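K.L.:
How does the following fold in three dimensions:
(one chain, ligands or ions: 1)
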Amino acid sequence: MKYCQHCKMNIGGNPEKCPLCQNALEGEGERDYWPKLVLGSTKRMKAFKIVLFSVLAVCIISLAADYLFWKADHLSFSPIVVAWLLMSGWILELVIKKHYNLLKTMLVSMLAVCLLCMLTEIFIHYAWEIPYLSITPGYIIPILCSANVVANFVLSLVDKHFTDHSLIYIFLNILIGVVPWLALLFIEGTPPFAWSSCMVINILVFIALFVFRGRIVLNEFKKRFHM
Ligand SMILES: [Zn+2]
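P.N.:
Next up is the predicted model:
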């Protein structure tokens, strides 16, 4: 019999994680109650393979069109296409996975999109000789960060499976929304409007979490800081 410290519950069989809260279990396991599932031949897997092949195929065709078949002088575009395709495929893989933490997937996807926007902007600047406008750090990151924190909060109210396990990802998002604003405040004196709005939205969500999800938030703090 295994034991979950967070749910204060004994769990039969030999699972590694608590079926309710997904935290690691303690204690000695017994013989499994259920046969272990062998993954690999499911419809999900087949769908994933089709997506994987399509992404790689379009990448190759795009590179070939850009550098092999297009003889005339032109702006090279395939590195951007390939980077965005690979990232979309990777995010899709996160979503297709059966047991995923939605808020974690959203945060990781947001960071990946921000990074790729940044790289795209730098690529366009150097390869196409378009002036660097710093749209990503100035607008895209604060806008995505605000949208993501609001979406996370709505999910935390709606999603029945929302546990303290998901909270850390909202807190990380809030840090991303507030820390750059503080840095800008010290460096520039007056942070730009987009970052100020982002900071305000993130602080509001932080307060709302305490008001609407107070018990879970306090438990999470106790767990993280061993109080
Ligand atoms: Zn549990």
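
K.L.:
Apart from its neighbours in sequence, what residue is nearest Val108?
P.N.:
Leaving out its chain neighbours, the residue that sits closest to Val108 by Cβ to Cβ, 6 or more residues apart in numbering is Leu94, at 6.8 Å. Just so you know, the C-beta spots here come from the backbone N, C-alpha and C atoms, and that holds for glycine as well.

K.L.:
and the one you found, what helix or strand is that in?
P.N.:
Using DSSP states H and E, Leu94 sits within helix 78-96.

K.L.:
what packs against that helix?
P.N.:
helix 43-64, helix 102-128 (3 or more Cβ pairs under 8 Å, 6 or more residues apart in numbering; DSSP states H and E).

K.L.:
By residue count, tell me the biggest helix in this structure.
P.N.:
Ranked by number of residues, the top helix in the chain under DSSP state H is helix 193-225.

K.L.:
can you tell if it touches the ion?
P.N.:
No. Contact of helix 193-225 with the ion (Cβ under 5 Å from the ion) is absent, the minimum separation being 11.7 Å.

K.L.:
hang on, the earlier thing: would you indicate which residues of the helix holding Leu94 are buried?
P.N.:
78, 80-85, 87-89, 91-92, 94 (16 or more other Cβ atoms under 10 Å).

K.L.:
Next, the angle from that helix to helix 102-128.
P.N.:
180 degrees (axes from the mean of the first three to the mean of the last three Cα atoms, to 10 degrees).

K.L.:
Identify all contacting residues around helix 78-96.
P.N.:
44, 47-48, 51-52, 55, 58-59, 62-63, 65-67, 100, 105, 108-109, 112-113, 116, 119-120, 123-124, 127 (Cβ atoms under 8 Å, 6 or more residues apart in numbering).

K.L.:
What of stretch 1-8?
P.N.:
For stretch 1-8, with Cβ under 8 Å, 6+ apart as the criterion, the contacting residues are 9-15, 18, 20-21, 23, 25-30, 164, 223.

K.L.:
hmm, try it at 10 Å
P.N.:
9-30, 163-165, 219, 223 (Cβ atoms under 10 Å, 6 or more residues apart in numbering).

K.L.:
For it, list every residue counted as buried.
P.N.:
2, 4, 6.

K.L.:
out of those, who's nearest Pro35?
P.N.:
Lys2 (18.1 Å; Cβ to Cβ).

K.L.:
Name the nearest residue to that closest one, sequence neighbours excluded.
P.N.:
Leu25 (4.1 Å).

K.L.:
For the one you found, give me its contacts.
P.N.:
With Cβ under 10 Å, 6+ apart, Leu25 has these contacts: 1-7, 9-11, 14-19.

K.L.:
From these, which land in strands?
P.N.:
2-4, 9-11 (DSSP state E).

K.L.:
which one of the residues you listed sits closest to the ion?
P.N.:
The nearest member of the ones in strands among the contacts of Leu25 to the ion, counting by Cβ to the ion, is Cys4 at 3.4 Å.

K.L.:
what about Val179, how many neighbours?
P.N.:
12 (other Cβ atoms under 10 Å).
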